[in-house]
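In: with the input below, show me the fold.
(chains A, B, C and D)
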Protein chains: 2
Amino acid sequence: MALEHAILVSLLEQPGSGYELARRFDRSIGRFWTATHQQIYRVLRRMEADGWVAAEEVAQDGRPDKKVYSAAEPGRAALAGWLREPVEPETVRHELAVKIRAAAFDDPAALISEVERHREGHAALLARYLHGEQRDFPDLTSLDTRQELQHVVLRGGIEYERMTLAWLDDVLETLHRLAADRQS
Amino acid sequence: MALEHAILVSLLEQPGSGYELARRFDRSIGRFWTATHQQIYRVLRRMEADGWVAAEEVAQDGRPDKKVYSAAEPGRAALAGWLREPVEPETVRHELAVKIRAAAFDDPAALISEVERHREGHAALLARYLHGEQRDFPDLTSLDTRQELQHVVLRGGIEYERMTLAWLDDVLETLHRLAADRQS
DNA sequence: ATTGCCTATGCAACTCGTTGCATAGCAGGA
DNA sequence: TCCTGCTATGCAACGAGTTGCATAGGCAAT
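Out: I've put the predicted structure just below:
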């Protein structure tokens, strides 16, 4: 449902082919919306049929041809309508939380390396966010509307990663404590 | 894939029927894992066929019979194996973040009421968490392993909601500022 | 020379998840 | 009295999302 809208936003920010969109979804947009190339190609065809996007075949040498899509006016109008509609709260699926509760019926110490692995992943992501912030927003005092909105989303990502890191430290401390209690 | 594991954890914590599980998934477990009754019934039948859970028909008066499931040893072993396997990072789908970036191509002010609605929802959830903490963990100095692990997950939920509230305030402030700039 | 990776798109088959509906008795309120 | 809602399970159909594979040329490294 909302994949169309995420694609529209990405095409409004910058037109591109299905392949390019797939890579953006692996990188920047993928921070808050994931999609495989299969989904993207399928949805793009539907959106083109509905007139939400316009496609232009571009020949390239040394590479396969590509279809460059850009957002069309009906798509922009649909996006404006969607903006004004209420959206359901996200359905969370936090596998690590399930594992933590599951550890009560097994050995809590068995989870430590897994939690550490997650911690490293989140630390790396935070570093990437902070690096990206430096690169894309060198001067925070002069941002246009688009940049202001991109930056407030980025701030959300940064705060989320900081909070998650602190929580994972809390989890690790708890697991270590429970493992020590069990031994004694 | 992981729904089986979430169900196993819930059944280890407390045996119950498909219907009861569905309600737990609406309440406590649903904070980090969602599922409809349809999914739960289907997965329970598969898990019973695989020997992961055992079912017992229970007749009730004034109500339909129910099948009470409990975790069986092969299920517990499968859970222990899963605990030791690495899990992929969660695939995030943050619709509100898409909307915020979409607002750059429409009127940022149009998003304010939607963000306020989300803010209220998160404030209510935080209040429920804090209330539940008081009720379920009145004495934090004497918790067993299971309670320790449940509480560290709850702390994660509380911190997530606090962080989200602060971020939504940040978003609202940004939207108001952009709306004022646009008028002048 | 061969292997592997990148660009670029797509088909087919599958699983996961949601929605609508059905049954069926009982309880409570308008 | 009728309507709504709760307990309890389930079928059928659909849509969303994933996975494996295919094509096909170019580039870089071994």
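
In: got the contact list for the residue nearest to A:L111 when sequence neighbours are not counted?
Out: Residue nearest to A:L111 in three dimensions, not counting chain neighbours: A:A103, with 4.8 Å by CB to CB, 6 or more residues apart in numbering or on different chains. C-beta coordinates here come from the backbone N, C-alpha and C atoms, glycine included. A:A103 is in contact with A:110-111, A:175, B:83, B:149, counting by CB atoms under 8 Å, 6 or more residues apart in numbering or on different chains.

In: please redo it, this time with the cut-off set to 10 Å
Out: By CB atoms under 10 Å, 6 or more residues apart in numbering or on different chains, the contact set of A:A103 is A:109-112, A:114-115, A:171, A:174-175, A:178, B:9, B:79-80, B:83, B:145-146, B:148-149.

In: tell me where chain A has strands.
Out: Secondary structure of chain A by DSSP state E: the strands cover A:16-17, A:53-58, A:66-71.

In: so does the shortest one get close to chain B?
Out: No - contact check for strand A:16-17 against chain B, using CB under 10 Å from any CB of the partner chain: none in range, with a minimum separation of 15.5 Å.

In: these two touch, right, A:G156 and A:R31?
Out: Yes - assessed by CB atoms under 10 Å, A:G156 is found in contact with A:R31 at 9.5 Å.

In: could you check how far the spatially most central residue of chain A is from B:S17?
Out: The structure's chain A has its C-alpha centroid closest to A:R31; by CA atoms, centre = their mean the separation is 1.9 Å. Using CB to CB, to the nearest Å, A:R31 is found at 40 Å from B:S17.

In: name the nearest residue to A:A109, ignoring sequence neighbours.
Out: In space, A:A109 is closest to A:A179, 4.0 Å off (CB to CB, 6+ apart).

In: to clarify, my last question referred to A:H37.
Out: Leaving aside its sequence neighbours, A:H37 sits nearest to A:A22 (CB to CB, 6+ apart; 3.9 Å).

In: ok, that neighbour touching A:T36?
Out: Yes - between A:A22 and A:T36 a contact is recorded at 7.2 Å, counting by CB under 10 Å.

In: show me which of these two is the more surrounded one.
Out: A direct count of neighbours by other CB atoms under 10 Å in any protein chain shown for A:A22 and A:T36 places A:A22 higher, at 18 against 11.

In: report pLDDT for that one.
Out: We have a pLDDT of 96 for A:A22.

In: show me the contacts for it.
Out: Counting by CB under 10 Å, 6+ apart, A:A22 has contacts A:16, A:30, A:35-41.

In: from chain B, how far out is A:D136?
Out: Here A:D136 is placed at a distance of 13 Å from chain B (CB to the nearest CB, to the nearest Å).

In: ok, that residue touching A:Q150?
Out: Yes - counting by CB under 10 Å, A:Q150 is a contact partner of A:D136 at 7.7 Å.

In: quick check, nearest of the contacts of A:A22 to chain B?
Out: Nearest to chain B among the contacts of A:A22: A:G30, at 8.3 Å, using CB to the nearest CB.

In: any idea how many residues pack against A:Q183?
Out: Number of residues near A:Q183 (other CB under 10 Å) recorded here: 7.

In: re earlier: tell me the spacing between the residue nearest to A:L111 and B:H131.
Out: Where B:H131 is concerned, A:A103 sits at a distance of 26 Å (CB to CB).

In: tell me the pLDDT at A:D61?
Out: For A:D61, pLDDT reads 73.

In: go on, A:S10?
Out: pLDDT, A:S10: 96.

In: mind giving me the packing neighbours of the longest helix along chain A?
Out: Ordering each helix of chain A by length in residues (DSSP state H) puts helix A:145-183 first. Counting contacts by 3 or more CB pairs under 10 Å, 6 or more residues apart in numbering or on different chains; DSSP states H and E, helix A:145-183 packs against helix A:3-13, helix A:95-102, helix A:112-136, helix B:95-102, helix B:145-183.

In: quick one, which of those helices is nearest to DNA strand D?
Out: DNA strand D sits nearest to helix A:3-13 of all the helices and strands packed on helix A:145-183, at 4.7 Å, using CB to the nearest atom of the strand.

In: can the closest one be found next to DNA strand D?
Out: Yes - judged by CB under 7 Å from any atom of the strand, helix A:3-13 comes into contact with DNA strand D through A:L3.

In: and A:R117, how many neighbours?
Out: A:R117, neighbours per other CB under 10 Å, totals 13.

In: ignore the last one, A:M1
Out: Around A:M1 there are 7 residues (other CB under 10 Å).

In: residues of chain A that sit close to DNA strand C?
Out: By the rule CB under 7 Å from any atom of the strand, the part of chain A lying against DNA strand C is A:17-20, A:22-23, A:37-38, A:41, A:44-45, A:60, A:63-67, A:91, A:93.
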